[in-house]
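**Student:** 3D model of this:
(chains A, B and C)
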Amino acid sequence: MNYEEELKRLNEYQREAVLDESDACIVNANVGSGKTTVLISKILYLHHAKNVSYRNMIVLTFTNKAANEIKERLTGADSGVQAEDLEGFGTFHSVALHFLKNRLPVEKMGYTRDFLVIEPEEELDIALHIIQEEKLSIKYKNRLKKRLEQAMAVRTEEQMKPGYKDDLFRLVQLLREEKIRQNKMSFLDLLQNVNDLLDDSGTEPKWIIIDEVQDSDSLQLDFIDKLKRDGTRLFAVGDPNQVIYSWRGSTLNVVYALKHKYAARELSLPVNYRSSSSILEAARCFLQNGGSLTGVREPGSKIVVKNQYNPFNEACYLADKIQELHSAGVPYKEIAIFYRLQNQSQIFEDVFQKNGIPYEVSLKKTIRDIPVLNWVIKLLRFSVNPNDLSSGIYVLSNQDYGERIREKEAAKLVRGQSEKQSGLLADMQEFAARCAGIQSVDELYDYFGFDRYIKPTAATYREDKESIRTLLDIIIAYGKEKQMTFLEGLTDFLNSSALYGVNILQKDISSSTDSVKLMTLHASKGLEFSHVFITGVNYGLIPLQTKGMEEEEEERRLFFVGITRAKDYLELSYYTNPEHYRAMAGESRYIRMIPPRLIRDDAVRTTEVSLQELKKQIQAARAEGEKAEAGSGNPEAGNRMMENQETKNQETKNQEAIQRENIRRVSHKKYGIGTVLREDEMMIEAEFENYGMKEFMKAFSELEYL
DNA sequence: ACATGTTAAATTTTT
DNA sequence: TTTAACATGT
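**Tutor:** Have a look, this model is predicted:
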């Protein structure tokens, strides 16, 4: 086929990697050096020139996206490829799953072949259930997911970090047993189990090929080791300069470790085709693992560094800038904005929405991230299965939705030990008997009368209602598609992991739609854009305040990943007023690490953005917030009523003074009531009783005149 | 049951 | 800096 043509298009380094004959080979692939191209060419070369069947290859990636890309490019280049030839191609987890389902004796571990794979959320549910049944004492339940994750990776209690004194380790053991009883495996179990069972299997792949090896954790390295027999050859591609997930457990120095373990030959791909040479030169300042990074492109435009007053100002500026770029012919989809923390996206979303700029945010939200749907799911779970007591208690004792009763009372009610009545409980308990006739969303909605259980005053009221309807719609459609009765369909939906795959928000980022992309630096890995804006390059934010040396190095690699996404234009910005407790005013030292000759320093234009306009918008936002709070009662008002006689007298005296001298008074959320000392267009200075003199910027302070 | 003081933690995310 | 769980006191 055309693999020979493909070979001709490669540069000398790439060709050397493809033609390499050694038993084990690690390719140090720099950013933008054609890593995937080499991988595909290698596979085609092995198949066509070396007669290695696809079935004798195991090709491992970390994400489904990468796996799909490889499979697509392969079928595109070689029309003879059959789907079943590629069973050994996929993510670590999916290949592990394939082995467990088809080749390994899972019965030895107490599983049957039709075991289910569960999402972390479902595992958490099982854990919560066990805590309740066994009356375990677990501290910091709100952080249970994270704590479990850490504890699960460990096999004996001694290895566990000295944490809180509670039953966490017992929970881990009970959870393990319970999962076997329910015939379910978590993502972690897939790898752990496959590693335990692989010893006695007869699988012997001829080649193991790995993409992005630098991200491997110890379980994944173990998996590779178990798969690799004497006759198996190894080809791995990765970049030590792009390790940004070591906090998630990926081993540092994977390349080094593999090289020594398998006496691997080390090659490198030094040529970057992506970025202009200015951008590459800046990127070089952040390289830590040696290696030469060479470019082939022209210098291009200088890197722009901008000082912005605050995130809101920046969002306004970017909105203008993007419109300007767009009318100059740059498609929206070639523009990306990166930031360090997820919640930094909000302000851009708000402003872009208002300015009609199409955008997409890379944010993974599941049903459970929407509080009302989380509640509805538990409600349905209990309705379908009245033995699921923990769900029932949750539904009744939730403080935002439902009847909002106390947890202890709810527990009594659910167990039938209370004389009190609950309409919602009765509806749930009678559901199985009375639901048969339900056909439509409306009927299901009305059965429970959801309107009664959402606070009409809540800011999210309309949204909540809509979310519930969307979910019910999906459920009804699901049952119909599967040609099940309503109850069967609902039960199946609740039990299937399809539940968590359902993306109500449809926020999946796609490269094809023409919109500006907003994402964290982490999410930017593997992508490229013509214009990249990295925002909030402040002291304390990029790099994020870190504990040790290793973390700092990872932050540096993260910044490296960020800047190397840019093809033609890179802009860095930092805030004077970052509005985040970790971030401090002033530029990050990373900006100072870039040679000044590469930088075009743009002066701030803060005053150009109309402060009046800002003020108006902030007031509008605040008014909206207050509307939402109204009705739920204002706790501050209550506090003020409680104040003793003395302060009341003081109050009236002050009132008189105000009338005499025309003094203006203001109220502040935190500082209480104060007297205005000085005031001009922009600033306001006030004195507060217990806090002394404070100065505010009018546009941003949440002051109210009295 | 409620009120107040103390303490730890907060980030990045794929399967 | 802010939040919420835990801890202790009435």
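**Student:** next helix or strand past the helix or strand harbouring A:T37?
**Tutor:** Assigned by DSSP states H and E, A:T37 belongs to helix A:35-48. Following helix A:35-48 in sequence order, the next helix or strand is strand A:57-61 (DSSP H and E).
**Student:** partners of that following strand, with directions?
**Tutor:** strand A:89-91 (parallel), strand A:207-210 (parallel) (DSSP bridges).
**Student:** Just put those in a markdown table and tack on distance to DNA strand B and mean pLDDT.
**Tutor:** C-beta coordinates here come from the backbone N, C-alpha and C atoms, glycine included. Putting those into a markdown table (distance: least, CB to the nearest atom of the strand, whole Å; pLDDT from 0 to 100) gives the following:
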| stretch | distance to DNA strand B | mean pLDDT |
| --- | --- | --- |
| strand A:89-91 | 4 | 93 |
| strand A:207-210 | 14 | 96 |
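**Student:** looking at those, which is closest to DNA strand C?
**Tutor:** strand A:89-91 (34.5 Å; CB to the nearest atom of the strand).
**Student:** can you tell if the helix or strand just after the closest one touches DNA strand B?
**Tutor:** Downstream of strand A:89-91, the first helix or strand assigned by DSSP H and E is helix A:92-102. Yes. Helix A:92-102 lies within reach of DNA strand B by CB under 7 Å from any atom of the strand, at A:H93, A:S94.
**Student:** Might you calculate how far the helix or strand just after helix A:92-102 sits from the centre of the chain?
**Tutor:** Downstream of helix A:92-102, the first helix or strand assigned by DSSP H and E is strand A:116-117. Strand A:116-117 sits 23 Å away from the centroid of its parent chain (CA atoms, centre = their mean, to the nearest Å).
**Student:** Over to stretch A:241-256?
**Tutor:** Relative to the centre of its chain, stretch A:241-256 is centred 19 Å away, using CA atoms, centre = their mean.
**Student:** for the residue lying closest to A:R297 once chain neighbours are set aside, what are its contacts?
**Tutor:** Nearest residue to A:R297 in three dimensions, chain neighbours excluded: A:S276, at 5.1 Å (CB to CB, 6 or more residues apart in numbering). A:S276 makes contacts with A:G295, A:R297, A:E298, A:P299, A:G300, A:S301, A:K567, A:D568, as judged by CB atoms under 8 Å, 6 or more residues apart in numbering.
**Student:** now do A:L518
**Tutor:** A:L518 makes contacts with A:A336, A:I337, A:Y339, A:S345, A:F348, A:E349, A:Y359, A:E360, A:V361, A:S362, as judged by CB under 8 Å, 6+ apart.
**Student:** what do you get for A:R233?
**Tutor:** A:D23, A:A24, A:K206, A:W207, A:I208.
**Student:** next one: A:F62
**Tutor:** A:T91, A:F92, A:D211, A:E212, A:D215.
**Student:** let's see it at 10 Å
**Tutor:** A:91-93, A:210-216, A:220, A:245, A:250, A:526 (CB atoms under 10 Å, 6 or more residues apart in numbering).
**Student:** any idea how far it lies from A:I70?
**Tutor:** For A:F62, the distance to A:I70 equals 12 Å [CB to CB, to the nearest Å].
**Student:** which neighbours do these two share?
**Tutor:** Common neighbours of A:F62 and A:I70 (CB under 10 Å, 6+ apart) are A:D211.
**Student:** just to revisit the earlier point, between the contacts of A:L518, which is nearest DNA strand B?
**Tutor:** A:S362 (6.6 Å).
**Student:** For the nearest residue to that closest one once chain neighbours are set aside, give its distance to A:Q242.
**Tutor:** Spatially, and ignoring its direct neighbours in sequence, A:S362 is nearest to A:M519 (4.0 Å; CB to CB, 6+ apart). Separation of A:M519 from A:Q242 (CB to CB): 16 Å.
**Student:** again with A:L174
**Tutor:** To A:Q242, A:L174 is 39 Å away according to CB to CB.
**Student:** Check A:L521 too.
**Tutor:** 12 Å.
**Student:** Same check on A:E571?
**Tutor:** Here the criterion is CB to CB. By it, A:E571 lies 22 Å from A:Q242.
**Student:** Look at A:E571 and give its secondary structure.
**Tutor:** strand (DSSP: H, G, I helix; E, B strand; the rest coil).
**Student:** Quick check: it touching A:G562?
**Tutor:** No. In this structure, A:E571 is not within contact of A:G562 by CB atoms under 10 Å, at 11.6 Å.
**Student:** Any chance you could list residues touching both of the two?
**Tutor:** A:V532, A:I534, A:V537.
**Student:** and the helix or strand where the first one lies, what does it pack onto?
**Tutor:** Translated: A:V532. Assessed by DSSP H and E, A:V532 sits inside strand A:529-534. With contacts taken as 3 or more CB pairs under 10 Å, 6 or more residues apart in numbering; DSSP states H and E, strand A:529-534 sits against helix A:311-327, strand A:335-339, strand A:516-520, helix A:549-563, strand A:566-575.
**Student:** Spell out which residues belonging to the stretch 151-300 of chain A are near DNA strand B, please.
**Tutor:** A:F187, A:L188, A:Y245, A:W247, A:R248.
**Student:** among the residues you listed, who's most crowded?
**Tutor:** Among those, the one with the most neighbours (other CB atoms under 10 Å) is A:Y245, at 18 neighbours.
**Student:** hang on, isn't it packed against A:Q220?
**Tutor:** No. Taking CB under 10 Å as the definition, A:Y245 is not a contact partner of A:Q220, at 11.7 Å.
**Student:** quick one: A:L7 and A:A49 touch, right?
**Tutor:** Yes. At 9.2 Å, A:L7 counts as touching A:A49 under the criterion of CB under 10 Å.
**Student:** what's the spacing between the residue in the stretch 201-350 of chain A positioned nearest to DNA strand B and A:L521?
**Tutor:** Residue of the stretch 201-350 of chain A nearest DNA strand B, by CB to the nearest atom of the strand: A:Q342 (3.0 Å). Using CB to CB, A:Q342 is found at 11 Å from A:L521.
**Student:** So for these two, which residue has more residues nearby?
**Tutor:** A:L521 (21 against 15).
**Student:** what sits against the more buried one?
**Tutor:** A:244, A:338-341, A:534, A:542, A:555, A:558-563, A:565.
**Student:** Apply 6 Å and report the result again.
**Tutor:** If you count contacts by CB atoms under 6 Å, 6 or more residues apart in numbering, A:L521 has them with A:F338, A:L558, A:G562.
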